[in-house]
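Asks: Sequence and predicted structure, then a few things I'm wondering about:
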Amino acid sequence: MTQIVTRFAPSPTGYLHVGGARTALFNWLFARGRGGKFLLRIEDTDRARSTPEATAAILKGLTWLGLDWDGEPVSQFERKDRHAEVARQMLDQGTAYKCFSTTDEIAAWREADPRQPFLSPWRDATDLPDAPYAIRLKAPRDGETVIDDQVQGAVRVANDQLDDMVLLRSDGTPTYMLAVVVDDHDMGVTHVIRGDDHLTNTARQIQIIDAMGWPRPTYAHIPLIHGEDGKKLSKRHGAVGLHEFAVLGYPPAAMRNYLARLGWSHGDDELFDDAQAREWFGLEGIGRAPARLDFKKLEHVSGHHIGRMRDDQVLAALQDYLSETGAPALTDTQRSRILAAMGALKEKAKTLPGLLDQARFAMIERPITVEEKAARNLDTVSRGMLKSLTAAVQNASWTRDDLEEAAQQVATENGVGLGKIAAPLRAALAGTSATPSVFDMMTALGRDETLARLQDQTDLAG
Ligand code: GLU
């Protein structure tokens, strides 16, 4: 059996669009699940847009998403001589011809009847002038070109609706259609999985492939991603670049799971890991309706993955997130406190910034600032209770159970519920009311830091 080869062929636009990321993911899953290769080709023939930075942004996006590719990325622009060589070969073989029509002549034709594809008068000419020419495909005039698409089914295009497309322009530059076909062939691509906005190109590409007598790859054109309102995804919908999702704090593992489900399904499975995705992914599971981006669902998937990641993986993702957003790196103390509270933190968090919010208590330094709302819980009575609590836990073993028992005891002695002591305790330890449980904070901070934060507040009681 031949090895499966897929490819992702982005045009550098300055960032990796979430739709492009999904296309890359599908190609990656398909290849990786079948012992195949996943190649990368940068379609950089538009020289104005194809800056090194624009290409780097794409590679960075793929790397962030955790998609690795085989070999070096191929530059389409650098292969232009090879594209021209194939056009000349087609000329020699008689599957292409020299067209001397000028742009004015072609424009005049179009003006006369815009629905009629241009029919070059040079297709069968034998008496050729010595003038600049383009190389055009001698495309079939009759019958139809049928795309046997794994998602869209049989897509038929009447050949008389397609003109003899230009392969090589009169300035010697290859056209996009030719470049894609030659590159896919030379790279040994067996499966072309791409957005269905390319479907109209496919009939043309097939004509070139057939003219060369090359094997056609298997095609799967996937419906584009729509926004929550069902319209084609655009800037209007907010995040469209993968980096924007990174900044919103969804971990890459969650993005892979979520993006895989955008347009592809495996029964009712919503939550899965990479190994399952690789095993399950197939073209038959790709739907024909456009997928809608759904941030609620994404949050849910994200929370699931954060909860399942190992503590050190979450910590690493947090550090990447902080560096991605330009925030200062964590200190050793912050890291060890966050790790100590990680069990509690990751259970609740839906996103990395959400987790960081809850981890704030572990990142702040004494003397801590108490937010106004939390400060309301620190009156004379509650400060008195904190003093009793300090005495009670001073020599307690520093386990969650013992700390809770000590707090419960102080609450009972004061004739109040545990909540009445937890609120000022929370304020003293974190300065805010949105935190993990007070006992998780105490264990994460350790005895010395906890007692010091309590003392900072009880000292104020006078
Ligand atoms: N460069 C094209 C794009 O960015 C993709 C071409 C292809 O997959 O064949 O949309």
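Replies: On my side now, so go ahead.

Asks: For the stretch 51-200 of the chain, what lies in contact range of the ligand?
Replies: Counting by Cβ under 6 Å from any ligand atom, the stretch 51-200 of the chain comes close to the ligand at 180, 194, 198. C-beta here means a position set from N, CA and C on the backbone, and glycine is covered the same way.

Asks: pLDDT score for the closest residue to the last one other than its chain neighbours?
Replies: Nearest-residue entry for residue 198: residue 221, 6.5 Å, with adjacent residues in sequence omitted and distances by Cβ to Cβ, 6 or more residues apart in numbering. Among the per-residue scores, residue 221 shows a pLDDT of 98.

Asks: in what helix or strand does residue 221 lie?
Replies: strand 218-222 (DSSP states H and E).

Asks: For the stretch 201-350 of the chain, which segments count as helices?
Replies: With helices called from DSSP state H, counting those that start in this stretch, the stretch 201-350 of the chain shows them at 242-248, 252-260, 274-280, 295-308, 311-324, 332-348.

Asks: just to revisit the earlier point, and the strand holding residue 221, is it in reach of the ligand?
Replies: No. Using Cβ under 6 Å from any ligand atom, strand 218-222 stays clear of the ligand, with a minimum separation of 9.7 Å.

Asks: who touches that strand?
Replies: Residues from elsewhere that reach strand 218-222 (Cβ atoms under 8 Å, 6 or more residues apart in numbering): 22-23, 26, 147-152, 190-196, 198-199, 202, 263, 283, 286.

Asks: Contacts only, for residue 428.
Replies: Counting by Cβ under 8 Å, 6+ apart, residue 428 makes contact with 370, 378, 386, 453-454, 456-457.

Asks: helix or strand for the residue lying closest to it once chain neighbours are set aside, which one?
Replies: With sequence-adjacent residues excluded and distances taken as Cβ to Cβ, 6+ apart, residue 428 is closest to residue 457, at 4.3 Å. If you go by DSSP H and E, residue 457 is part of helix 438-459.

Asks: Report the distance from that helix to the chain centre.
Replies: How far helix 438-459 lies from its chain's middle: 40 Å, per Cα atoms, centre = their mean, to the nearest Å.

Asks: Offset the numbering so it begins at 51, please.
Replies: I'll keep to 51 as the first residue from here, and by that count the last item is helix 488-509.

Asks: What helices and strands are in contact with that helix?
Replies: The contact analysis (3 or more Cβ pairs under 8 Å, 6 or more residues apart in numbering; DSSP states H and E) places helix 488-509 against helix 382-398, helix 410-413, helix 430-443, helix 450-463, helix 468-480.

Asks: Report how many residues lie close to the residue in the stretch 201-350 of the chain positioned nearest to the ligand.
Replies: When scored by Cβ to the nearest ligand atom, the stretch 201-350 of the chain has residue 244 as its residue closest to the ligand, at 3.8 Å. By the measure other Cβ atoms under 10 Å, the count of residues near residue 244 is 22.

Asks: Now do the SS call for it.
Replies: strand (DSSP: H, G, I helix; E, B strand; the rest coil).

Asks: Spit out the contact partners of it.
Replies: The contact partners of residue 244, by Cβ under 8 Å, 6+ apart, come to 59, 73, 270-272.

Asks: Just the buried residues of the residues you listed.
Replies: Taking 16 or more other Cβ atoms under 10 Å as the criterion, what is buried in those is 59, 73, 270-272.

Asks: wait, which of those is closest to residue 108?
Replies: Within the buried ones among the contacts of residue 244, the smallest distance to residue 108 is 10.6 Å, found for residue 59 (Cβ to Cβ).

Asks: Now that that closest one has come up, it's in contact with residue 230, right?
Replies: Yes. Residue 59 lies in contact with residue 230 (Cβ atoms under 8 Å); the separation is 7.2 Å.

Asks: quick one: contacts for the residue lying closest to residue 364 once chain neighbours are set aside?
Replies: Among residues not flanking residue 364 along the chain, residue 396 sits closest, at 5.3 Å (Cβ to Cβ, 6+ apart). By Cβ under 8 Å, 6+ apart, the contact list for residue 396 reads 356-357, 359, 361, 364, 405.

Asks: quick revisit: of all the helices and strands packed on helix 488-509, which one comes closest to the ligand?
Replies: Closest to the ligand of these is helix 382-398 (Cβ to the nearest ligand atom; 36.3 Å).

Asks: what's the angle between that closest one and helix 345-358?
Replies: 120 degrees (axes from the mean of the first three to the mean of the last three Cα atoms, to 10 degrees).

Asks: how close does residue 60 get to residue 327?
Replies: Using Cβ to Cβ, to the nearest Å, one obtains 21 Å as the distance from residue 60 to residue 327.

Asks: Then residue 363?
Replies: 17 Å.

Asks: Compare those two and say which is more crowded by neighbours.
Replies: Ranked by neighbour count (other Cβ under 10 Å), residue 363 and residue 327 place residue 327 first, with 22 against 15.

Asks: contacting residues around the spatially closest residue to residue 442 that is not a sequence neighbour?
Replies: Of all residues not flanking residue 442 in the chain, residue 456 sits nearest, at 4.3 Å (Cβ to Cβ, 6+ apart). When contacts are counted by Cβ under 8 Å, 6+ apart, residue 456 touches 439, 442-443, 446.

Asks: ok, 10 Å please
Replies: 438-439, 441-444, 446-447, 489, 492 (Cβ atoms under 10 Å, 6 or more residues apart in numbering).

Asks: cool, and residue 448?
Replies: For residue 448, the contact set (Cβ under 10 Å, 6+ apart) comprises 492-493, 495-497, 500.

Asks: Is it in a helix, a strand, or coil?
Replies: coil.

Asks: Does residue 356 touch residue 408 like I think?
Replies: No. Counting by Cβ atoms under 10 Å, residue 356 stays clear of residue 408, with 11.3 Å between them.

Asks: of the two, who's got more company?
Replies: residue 356 (27 against 23).

Asks: who's in contact with the more buried one?
Replies: Residues in contact with residue 356 (Cβ under 10 Å, 6+ apart) are 299-301, 303-304, 363-364, 367-368, 395-402, 404-405.
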